[in-house]
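>>> sequence first, predicted model second:
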Number of protein chains: 2
Amino acid sequence: MLSDRVLMGPGPSNMYPEVAMALQRPLLGHLDPDFLTVLDETCERLRTVFSTDSPATLPVSGTGSAGMEASFVNFVEPGDVVVVAVNGLFGERMCDVAARCGAEVVRVEEQWGRPIVPERVLGAHAGPKIIAAVHAETSTGVRNDVAALGAGKGSALLLADCVTSLGGIEVDISGWGVDIAYSGTQKCLGVPPGLAPFTAGPAAMERRVERPQSWYLDLGMLAQYTGPATGGAARRYHHTAPVTMVMALHAGLGVILDEGLDSVIERHRSCGEALQDGLQKLGFELFAAEGNRLPHLVTVTWPEGLLPSGTDEAAVRRRLLTEFGIEIGGGVGEWAGRMWRIGCMGHTARPRNVALLLGALGEILGR
Amino acid sequence: MLSDRVLMGPGPSNMYPEVAMALQRPLLGHLDPDFLTVLDETCERLRTVFSTDSPATLPVSGTGSAGMEASFVNFVEPGDVVVVAVNGLFGERMCDVAARCGAEVVRVEEQWGRPIVPERVLGAHAGPKIIAAVHAETSTGVRNDVAALGAGKGSALLLADCVTSLGGIEVDISGWGVDIAYSGTQKCLGVPPGLAPFTAGPAAMERRVERPQSWYLDLGMLAQYTGPATGGAARRYHHTAPVTMVMALHAGLGVILDEGLDSVIERHRSCGEALQDGLQKLGFELFAAEGNRLPHLVTVTWPEGLLPSGTDEAAVRRRLLTEFGIEIGGGVGEWAGRMWRIGCMGHTARPRNVALLLGALGEILGR
């Protein structure tokens, strides 16, 4: 028998019960009028959580990384200058993806755990086509100041990774001047991984690549299927939409909007802060720089002697998993083996899960 | 309330009940040992249905078209010659995808409804890197002879679209000499759309592009996560796997292998033939050339006067949908409005669904 986990890693988080119900309902065809109603409502709900009215707002048929790829491949042509703020794994990934589109990548690095410095990013090149940054760095638990980039972007397009921020902390695409953004379903939206919410504003749509190197992620064709972006023209089949996952996303967004987006964000904040307090009381040290800590994706290190002697950190995580059914995440890159990443997102963001993890850790640490 | 449909279009088909159960079970993390066991078993089951022992057999995290893109983007570099057999929409799509990878595309066309002529395809170019064909053309209902292409491919790599063939008619990747193949989950596998089963053999892996233009579909990186292709090296995170859809595919393949692949194929054949017989008795004409007709994806046209006077074909399909809850598909390209595509695949491939559709059509046509 497979296990039933409390998912407190950097994603996926547990799904809302309503999402599980949507997943198992009888399948509809991708051109069924009933499904198209669900798809239209899903795009509209995405506009609400992204805070945009852009018609080109849709779920990309792949995981968050497909959203990243769609965000570059539709706007970057060989030779275009792309400034990327890099202070974690996902900023690194952006550089790789952009380079594969033929971009001239200008990296602006900060130490992992520190936020980006907007002035440095904005001053890195005189006239880039795109300035790209990760809003919530899942590898470090740091929140980067996307609004400041929007305020100073000039004629550049601003591209933001909102994978771990959308639905968990404030995201204001139109208010901040973000032109291109993507997310994932498996973090704060309480839906399994498999879709990438995506949005592109009018300035981005005007400067998009007409025939991108990816057929699958060709935004012009995608928008002809999802509809409104074509200005009322007939809906046109592109690829078979992942119907079941769209139904799941529709349900997850429904839960969030029923609860109220502000309430959901407040739930992420209060659970996250309780978690941070409790972890510090147990003796852990918060990794992300103060003032830019994500509430709901907590990164910690530990002083020598805190973990039971003779066991490495992976053994503690294994005990959490096997004895308590709790998943937390390890560090990545140079922080592998030296950091934990603990998420409290989506349906997981409940006081009872915070209490459970702190209790289980207390037991393992003997505190 | 959303509808409950009998899905008899060109896909998706109805999912197996076991698949619905797998979809709604508690989510696991993409690095959870329990999930990795499911993933490994899924890859192994894919090897069985593809009939290959190639380690690079895995579910691509997107729909069938993402499988197509993965199949070109990992093996085609600018200037490579790719011969594509084109006798339908999906052959056309291959040309588009290959061209976006920079391929020099050599098209070998046949009329829609006719099979490809292997000798023409094999003789189209002296030394292509890739010869590509669609095994089961979903747009026309035609089966193309992939085995003959394998027998004569010489030093070229053979790339086959098995979206509508895998699990519905015989597919023998290793026996036929297919080097690269992909499928979709929503046709004969009885799983919702969202994943693309994919396989690449040793000759293809030796000649793959080291750093493809797509990061998301980079086979080298994908195989480091799914495992065995790396020869026992440690599993390495690439993107967050679409866990729920993998669980669903695992369950669907489980149903097929429990029933027996041969029995499932025989079920597709017998249901499809009963459907073809019944449609002809009602007065419809089979579109695909005799000898190369897919049993389970039936294309029909109709003589003047068969459909109720004063109604167009779309109105008949709408009546099937609204009065009987049955979805069938229309024609595409120049056959839009003049052809139907009726699928009998996956869990839909049951005698009762054949009887239902024929009964409903009989009622509408007044026969």
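Yep, it's here. Numbers count the residues shown, from 1 in each chain, chains lettered A, B, ... in the order given.
>>> now the strands for the stretch 101-250 of chain A?
A:104-109, A:130-134, A:136-137, A:142-143, A:157-161, A:180-182, A:196-200 (DSSP state E, counting those that start in this stretch).
>>> tell me what the first one is packed against?
Here strand A:104-109 is seen to pack against strand A:81-86, helix A:89-100 when contacts are counted using 3 or more CB pairs under 8 Å, 6 or more residues apart in numbering or on different chains; DSSP states H and E. To be clear about C-beta, it is placed using only N, CA and C from the backbone, and glycine gets the same treatment.
>>> now the angle from the strand or helix carrying residue A:72 to strand A:130-134?
Applying DSSP states H and E as the criterion places residue A:72 in helix A:64-73. Here the directions of helix A:64-73 and strand A:130-134 differ by 160 degrees (axes from the mean of the first three to the mean of the last three CA atoms, to 10 degrees).
>>> now for helix A:64-73, which elements pack on it?
Checking 3+ CB pairs under 8 Å, 6+ apart, helix A:64-73 ends up next to strand A:57-60, helix A:89-100, strand A:157-161, strand A:180-182, strand A:196-200.
>>> as TSV, those with mean neighbour count would be great.
Shown next, in TSV, are the helices and strands packed on helix A:64-73 (neighbours: other CB atoms under 10 Å in any protein chain shown):
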stretch	mean neighbour count
strand A:57-60	27
helix A:89-100	21
strand A:157-161	28
strand A:180-182	28
strand A:196-200	29
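>>> mind checking which of those is nearest chain B?
Chain B sits nearest to helix A:89-100 of all the helices and strands packed on helix A:64-73, at 4.7 Å, using CB to the nearest CB.
>>> now the angle from the worst-scoring helix or strand of chain A on mean pLDDT to helix A:64-73?
Here the helix or strand of chain A ranked lowest by mean pLDDT, DSSP states H and E is helix A:219-226, holding a mean of 94. Orientation check (the same axes, to 10 degrees): helix A:219-226 against helix A:64-73 gives 120 degrees.
>>> elements contacting helix A:219-226?
helix A:33-50, strand A:57-60.
>>> okay, residue A:350: pLDDT?
At residue A:350, the model reports a pLDDT of 98.
>>> write out the residues of the stretch 201-350 of chain A neighbouring chain B.
A:211-216, A:237-245, A:248, A:321, A:327, A:332 (CB under 8 Å from any CB of the partner chain).
>>> ok, the residue in the stretch 251-367 of chain A that chain B sits nearest to - contacts?
Nearest residue of the stretch 251-367 of chain A to chain B (CB to the nearest CB) works out as residue A:327 at 4.8 Å. Going by CB atoms under 8 Å, 6 or more residues apart in numbering or on different chains, residue A:327 touches A:5-9, A:320-321, B:29, B:32.
>>> residue B:62: which of those is nearest?
residue B:29 (20.5 Å; CB to CB).
>>> phi and psi next, for the nearest residue to the closest one once chain neighbours are set aside.
Leaving out its chain neighbours, the residue that sits closest to residue B:29 by CB to CB, 6 or more residues apart in numbering or on different chains is residue A:327, at 4.8 Å. Torsion angles at residue A:327 (phi, psi; degrees, to the nearest 10) stand at phi -100, psi 130.
>>> all helices for the stretch 201-350 of chain A, in order.
Using DSSP state H, counting those that start in this stretch, the helices of the stretch 201-350 of chain A run over A:202-206, A:219-226, A:243-259, A:261-282, A:313-324.
>>> tell me the most buried of those?
helix A:243-259 (a mean of 23; mean count of other CB atoms under 10 Å in any protein chain shown).
>>> give me the angle between it and helix A:261-282.
90 degrees.
>>> for helix A:243-259, packing partners?
Packed next to helix A:243-259, using 3+ CB pairs under 8 Å, 6+ apart, are helix A:17-24, helix A:33-50, strand A:57-60, helix B:243-259.
>>> and those as CSV, adding mean pLDDT and distance to residue B:159?
Output for the helices and strands packed on helix A:243-259, formatted as CSV (pLDDT from 0 to 100; distance: least, CB to CB, whole Å):
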stretch, mean pLDDT, distance to residue B:159
helix A:17-24, 98, 33
helix A:33-50, 97, 31
strand A:57-60, 98, 25
helix B:243-259, 98, 22
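>>> Serialize these to a markdown table and add fields for distance to residue B:223.
Below are those laid out as a markdown table (distance: least, CB to CB, whole Å):
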| stretch | distance to residue B:223 |
| --- | --- |
| helix A:17-24 | 28 |
| helix A:33-50 | 32 |
| strand A:57-60 | 23 |
| helix B:243-259 | 15 |
